[in-house]
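[1] coordinates only, sequence not included:
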């Protein structure tokens, strides 16, 4: 087996894929309390970006905990492994040229440092969804706050475990008094220049 | 936070992404002995596809064992977990609209069944790289056969562990007496119709 075509032995680079897609691949990482609006913002952002020619992939509890991380629980060790795998997958997606949009509580600076160290800080855009806990708890879409208050969930962020305010976020959004349109405007203002192909 | 735009609360579907990319996303899974030419074929295929407007991502030992699976060894349990994670990542990539090209020894029918069950048989295209062991061993690019013969690697496929011939491969290629161009022709003949957008 010989190589006739010189470039047939080189994998297609991230840069080539980014150029093909007309975008710069990054990880946009939503961090915040349960119920703060992370997945809602991620979904709206993905849709806007798609409608405007970008290609992205959302990673969130739904497609991660039911798939690759279905063998992990909620011990400290498993939470770290959960976040490590998510970061490694994000890195693979970025190397595919995609914009990877992640929505995970990721409550501590240590957690987010694990992610940043794996992905690399140049590709990691942290968005803090800063909706106050009273609002998150009043939404309680999944009924988790009620369970946490009843003591049925151990170490629940905001109730019985701390959430550390991100020190490295590119932007903060409090979704409590804003429309999706408002939130999108705020996000795009900060993020579009990061992902647009300006070559 | 309210939804003004009705479709801003729906994640972009795989189908939308496939349409955008003008391709059908599939997993093309190369199985075969070490040295059989899996990564070489994967690389040539990716390059050809990219040059012809397709977008794919290669997964192989290099980007998997050094990243998401860097905490796994080579025990039976770890080998199964290794392949399970690869299959789950492949599934995520397919949901992103990409063609996922995998190159892993995956020596047993049981191993490949784990992969097929996770990915789903409609999205799983198995390619058996059937290069004879004498040729693989004579190449011995990584020096693994020499180590295996010396007893330094336990359970080495083809030497001290079995390779089971795939029963569900869409195609077999013996790379020992063919150019890359020949191999590409054979692959494209079977695979192009599977990944081309014919809507």
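    Yes, it's here. Bear in mind that the values here come from a model prediction, so they are computed numbers and not experimental data. Residues are numbered from 1 along each chain as shown, chains lettered A, B, ... in the order given.
[2] So residue A:172: helix, strand or coil?
    Following DSSP: H, G, I helix; E, B strand; the rest coil, we place residue A:172 in the strand state.
[3] Torsion angles phi and psi at the nearest residue to residue A:161 once chain neighbours are set aside?
    Nearest residue to residue A:161 in three dimensions, chain neighbours excluded: residue A:155, at 4.2 Å (C-beta to C-beta, 6 or more residues apart in numbering or on different chains). Where C-beta positions appear, they are placed from N, C-alpha and C, glycine not excepted. For residue A:155, the backbone dihedrals (degrees, to the nearest 10) come out as phi 50, psi 50.
[4] ditto for residue A:145
    With angles defined as degrees, to the nearest 10, residue A:145 sits at phi -60, psi -40.
[5] from memory it sits against residue A:152, does it?
    No - between residue A:145 and residue A:152 there is no contact under C-beta atoms under 8 Å: 10.8 Å.
[6] Neighbour count: the two, which is higher?
    Under the criterion of other C-beta atoms under 10 Å in any protein chain shown, the comparison of residue A:145 against residue A:152 puts residue A:145 first, with 22 against 11.
[7] In contact with that one, which residues?
    By C-beta atoms under 8 Å, 6 or more residues apart in numbering or on different chains, residue A:145 lies in contact with A:34, A:35, A:136, A:137, A:156, A:158, A:159.
[8] Narrow these to those in helices?
    Judged by DSSP state H, helices contain the following of those: A:136, A:137.
[9] Turn the contacts of residue A:145 into a markdown table, including neighbour count and distance to chain B.
    Below are the contacts of residue A:145 laid out as a markdown table (neighbours: other C-beta atoms under 10 Å in any protein chain shown; distance: C-beta to the nearest C-beta, whole Å):
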| residue | neighbour count | distance to chain B |
| --- | --- | --- |
| A:34 | 24 | 15 |
| A:35 | 22 | 11 |
| A:136 | 23 | 11 |
| A:137 | 18 | 15 |
| A:156 | 19 | 22 |
| A:158 | 21 | 18 |
| A:159 | 18 | 22 |
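[10] pLDDT below threshold where in chain A?
    For chain A, the stretches with pLDDT under 70 are A:1-7, A:199.
[11] in stretch A:147-157, what's buried?
    For stretch A:147-157, a neighbour-count test (16 or more other C-beta atoms under 10 Å in any protein chain shown) marks A:148, A:153, A:156, A:157 as buried.
[12] between the residues you listed, which is closest to chain B?
    Nearest to chain B among these: residue A:157, at 19.6 Å, using C-beta to the nearest C-beta.
[13] re earlier: ok, which pair from the buried residues of stretch A:147-157 is furthest apart?
    For the buried residues of stretch A:147-157, the farthest-apart pair by C-beta to C-beta is A:153 and A:157; their separation is 9.9 Å.
[14] Residue A:127 in helix, strand or coil?
    Put simply, residue A:127 is strand when judged by three-state DSSP.
[15] if we can go back for a sec, which one of the contacts of residue A:145 is nearest residue A:103?
    Proximity of the contacts of residue A:145 to residue A:103 (C-beta to C-beta) peaks at residue A:34, which lies at 10.8 Å.
[16] give me every residue that touches residue A:99.
    With C-beta under 8 Å, 6+ apart, residue A:99 has these contacts: A:23, A:25, A:26, A:27, A:28, A:49, A:54, A:55, A:56, A:57, A:195.
[17] Could you rerun that using 6 Å?
    Residue A:99 makes contacts with A:25, A:26, A:56, A:195, as judged by C-beta atoms under 6 Å, 6 or more residues apart in numbering or on different chains.
[18] now these as TSV including distance to residue B:13, neighbour count and secondary structure?
    Output for those, formatted as TSV (distance: C-beta to C-beta, whole Å; neighbours: other C-beta atoms under 10 Å in any protein chain shown; DSSP: H, G, I helix; E, B strand; the rest coil):
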residue	distance to residue B:13	neighbour count	secondary structure
A:25	20	22	coil
A:26	22	22	coil
A:56	13	25	strand
A:195	21	18	helix
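[19] so which of the residues you listed comes closest to residue A:91?
    In terms of C-beta to C-beta, no member of those lies closer to residue A:91 than residue A:25, at 10.1 Å.
[20] OK, contacts around that closest one?
    A:18, A:94, A:97, A:98, A:99.
[21] ok, the closest residue to it other than its chain neighbours to residue A:56 distance?
    If the residues on either side of it in the chain are set aside, residue A:25 comes closest to residue A:94, at 4.5 Å by C-beta to C-beta, 6+ apart. Per C-beta to C-beta, to the nearest Å, residue A:94 is found 11 Å from residue A:56.
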